[in-house]
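Engineer: pasting a predicted model and its sequence here:
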There are 2 protein chains.
Amino acid sequence: MSIKDVFNLSEGTEVTVRGWIYRKRELRDKIFLVVRDGSGIVQAVINKSDQDLSSIASKLNVESSLVLTGVIKREPRAPGGAEIHVKSINWYYAGYAFPINEDAAKADSEYLFDVRHLWIRSRKMWAVLRVRHTVFGAIHEFFRSRGYYEVQGPMFVSAAVEGGSTLFPVKYFDREDVYLTQSSQFYLEVLIYALERVYTIAPSFRAEPSRTRRHLTEFWHAEAEEAWLQFDGLLNLLEDLITYIVNKVLEERQDELKLLNRDAKVLENVKPPFQRVSYDEAINILQSKGVGIKWGDDIGADEERVLTLQFDKPILLHHFPEQIKAFYHRNDPSRPETTLSVDVLAPEGYGEIVGGGERIYDYEELISKIKRFGLKPEDYDWYLDLRRYGSVPHAGFGLGIDRLIMWICGLEHIRDAVPFPRDIRRIKP
Amino acid sequence: MSIKDVFNLSEGTEVTVRGWIYRKRELRDKIFLVVRDGSGIVQAVINKSDQDLSSIASKLNVESSLVLTGVIKREPRAPGGAEIHVKSINWYYAGYAFPINEDAAKADSEYLFDVRHLWIRSRKMWAVLRVRHTVFGAIHEFFRSRGYYEVQGPMFVSAAVEGGSTLFPVKYFDREDVYLTQSSQFYLEVLIYALERVYTIAPSFRAEPSRTRRHLTEFWHAEAEEAWLQFDGLLNLLEDLITYIVNKVLEERQDELKLLNRDAKVLENVKPPFQRVSYDEAINILQSKGVGIKWGDDIGADEERVLTLQFDKPILLHHFPEQIKAFYHRNDPSRPETTLSVDVLAPEGYGEIVGGGERIYDYEELISKIKRFGLKPEDYDWYLDLRRYGSVPHAGFGLGIDRLIMWICGLEHIRDAVPFPRDIRRIKP
């Protein structure tokens, strides 16, 4: 049975649980084993008067696996308020002494990443992984319940969506012109012509040469694209999606948030409407805070941090100037130097977790903007076809799932939100 | 409103629908537009006596987009039994004449792949994509309802799971030792120590140099790994999973299967128990059919085809000899020249869609098999750690989702099961 279910049973019930030894402590007359499985932890007690049992228990190291049978006893001092008095150990694998060493972790910030395949068993990673499971599930539920179709773009591509400098080249047989996708957006734009509303959850790749607390070279990307969707609808959709995900975590993962010392109050505050701040207003706010920035400048991580600390909710930062957003963003007809674009900034300094907007749907407008940006229309041949044949107004966005999890869990670094993080220096384990 | 909902409304109701012109036909006094959206198709009728409307309708090409308002009228000859008598066209985008040409498709088998970004709008692709959506959703539902945690392995790896010859190298900054993952199995094996039961749906990559009807260079892989799971449990799990997926498609996608001319009877036959055939029995069957094969030979696509045609259900083909399965497969203690391994073969000649089995959990056994296979233990350092520290019996499998969809839809070629297929020659669109 799952360890979490032990606590629902009455005293005296005999149970069999299996898992790994999380902690071990020996007294004069007893051995305490805290055993963990995928569902939780429970304390097991072995009486040293039982010599067979106690000789097995002595051999077991932290992280040894075992299957044990025993009787439930209430014990207010044990985690969860009950413990198991062990009658038999049916199977065990003692293994070597577990090598993770807290001193080594303090001395070398890379150490826990070097042993990630073992550190993954820590309570902290366990909690993050369970939140992660809930976040992925919530994204699927949200889109599916609203009639979006799940689709998959290719990972191998021949053109950049987000600019050529962060493309990873692949040695694709004898070819030199193949890269890993930076975003499935263009492919989702293809698919709206068949299915109208589509979403994907898939890896995207960016060759980020610097190590920052919020970049990885591969990340999981939830992207959606919707025919006929316009800007106001997009803002509402983003509020609803993020609220849905955060609520789901609050419903299912209170214990994990506690374990992570995450203040759930901050998350309970996430409800529509989010704070809507135009780029113009953002520049004013930043200038009033003494940030040296002028209209037309990019709003980077540092500026996002200042902005998000002004509000206690996520921010919908909208209407970026044309020159700081990719060519496919539709310019606002009523103010053409700005675009119908939006970033969602997570509060508490976390910053950008979503980028989105209306896409240009008019063929001539798209051609002319591609040229204005110094790009070559022939590099976008099939993308332009989407505007040649039956184009429709549409909008969409990309959500960095790992960043969202980093914020929800209140983590310092995105590497802690991902089981096997990858950056310029790390590709192992 | 969605087009599929039009057919539930009573005659005389005014509706507004939006979509693309799927077919257009002009009579002396009327113009018929068959309009499609993500949900279905409906016939719209324009009376030529309305000159404004009919001049718009004349301009519109196949695949032009539009928003129209009109009144529902029963019409047994129209698809779905009703049509819309158009009162106004509120928005349209005529665009260029749609270029897809059925003669070109017949002359050049690559043509429909060259224009995949437009061909995706065809009824056939629409149907496949909707089945695909249901299959992905069913996999998530199945695992989540049984308490498996969704996890993600990395795409960038430094070692081969399935042998080095099909690895794709990536130019990873200045490094030469980075590849794309062939399977997330080893990472799922790490994660069972935290979460016990895990699954992933993610891309895997294989540098397959030949074009076959069932290989792609990137494919979507559903993989699961479970602590304590043993061989019989694995076989039952596979039967349950595949039955669940197929039933879900039968429940939700009857119209799409019809559109694909897929005989649903074949799918209705998919229920546990599947046909369980040992490798030994398979060799006997093949020899009795005149196939030149002997014990110890691999069972390839041609042999799988012969086998699957003997039965009207999926086959669980089990107990492969050690030498034709990867090193991590656990040998059967009661017959050590064979392994506790299983492939699931889809019927009707489709062949392998799943490979799985028990994994070696004993450290010494794994080291000795790695050496017996001529591999270097130091290449598997962290994988071996999983056996050094608290190893547990476990089993798992990988399901090729695109192959499963190919079979469910009864497609000739795996390229038709995927929106943007990739093989040695194709990386565009």
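Structural biologist: Here it is on my side, so go on. Numbers count the residues shown, from 1 in each chain, chains lettered A, B, ... in the order given.

Engineer: next one: the residue of the stretch 151-300 of chain A found nearest chain B, what pLDDT does it get?
Structural biologist: Nearest residue of the stretch 151-300 of chain A to chain B, counting by C-beta to the nearest C-beta: A:E196, 3.2 Å away. (C-beta placed from N, C-alpha, C; glycine too.) Listed pLDDT for A:E196 reads 98.

Engineer: once you drop chain neighbours, what's closest to it?
Structural biologist: B:G38 (3.2 Å; C-beta to C-beta, 6 or more residues apart in numbering or on different chains).

Engineer: can you pull the contacts of A:P429?
Structural biologist: When contacts are counted by C-beta atoms under 8 Å, 6 or more residues apart in numbering or on different chains, A:P429 touches A:114, A:116-117, A:420, B:190, B:382.

Engineer: sorry, back to before: show me the contacts for the residue of the stretch 151-300 of chain A closest to chain B.
Structural biologist: A:226-228, B:37-39.

Engineer: from the contacts of A:P429, pick the one nearest A:G80.
Structural biologist: Distance to A:G80 across these (C-beta to C-beta) is lowest for B:V190, with 26.4 Å.

Engineer: what does whichever strand or helix holds that closest one contact?
Structural biologist: In this assignment (DSSP states H and E), B:V190 forms part of helix B:185-195. Contacts to helix B:185-195, defined as C-beta under 8 Å, 6+ apart, come from residues A:20, A:38, A:117, A:120-121, A:125-126, A:129-130, A:419-420, A:429, B:149, B:151, B:153-154, B:159, B:161, B:198-200, B:223-227, B:328, B:359, B:382-383, B:386, B:390, B:392, B:394, B:396, B:398.

Engineer: looking at those, which are in strands?
Structural biologist: A:20, B:149, B:198-200, B:223-227, B:359, B:394, B:396, B:398 (DSSP state E).

Engineer: tally of neighbours for A:G40?
Structural biologist: Neighbour count for A:G40, taken as other C-beta atoms under 10 Å in any protein chain shown: 18.

Engineer: does A:E176 touch B:K171 like I think?
Structural biologist: No - A:E176 is beyond contact range of B:K171, at 10.0 Å (criterion: C-beta atoms under 8 Å).

Engineer: overlap in contacts of these two?
Structural biologist: With C-beta under 8 Å, 6+ apart, A:E176 and B:K171 have common neighbours A:P169.

Engineer: quick revisit: can you pull the contacts of the residue nearest to A:E196?
Structural biologist: Taking C-beta under 8 Å, 6+ apart as the definition, contacts of B:G38 comprise A:149, A:192, A:194-197, A:227, B:2.

Engineer: so A:R305 sits against A:G349, correct?
Structural biologist: Yes - with contact defined as C-beta under 8 Å, A:R305 counts as touching A:G349 (4.4 Å).

Engineer: list residues touching both of those two?
Structural biologist: With C-beta under 8 Å, 6+ apart, A:R305 and A:G349 have no common neighbours.

Engineer: how many other residues sit next to the nearest residue to A:E226 once chain neighbours are set aside?
Structural biologist: Among residues not flanking A:E226 along the chain, A:R197 sits closest, at 4.7 Å (C-beta to C-beta, 6+ apart). By the criterion of other C-beta under 10 Å, A:R197 has 21 neighbours.

Engineer: pull out the buried residues from the lowest-mean-pLDDT helix or strand in chain A.
Structural biologist: Within chain A, no helix or strand scores below helix A:102-107, which has a mean of 80 by mean pLDDT, DSSP states H and E. By 16 or more other C-beta atoms under 10 Å in any protein chain shown, helix A:102-107 has no buried positions at all.

Engineer: about what we covered before: comparing A:E176 and B:K171, which residue is more hemmed in?
Structural biologist: Neighbour totals were compared for A:E176 and B:K171, and B:K171 leads with 15 against 8 (other C-beta under 10 Å).
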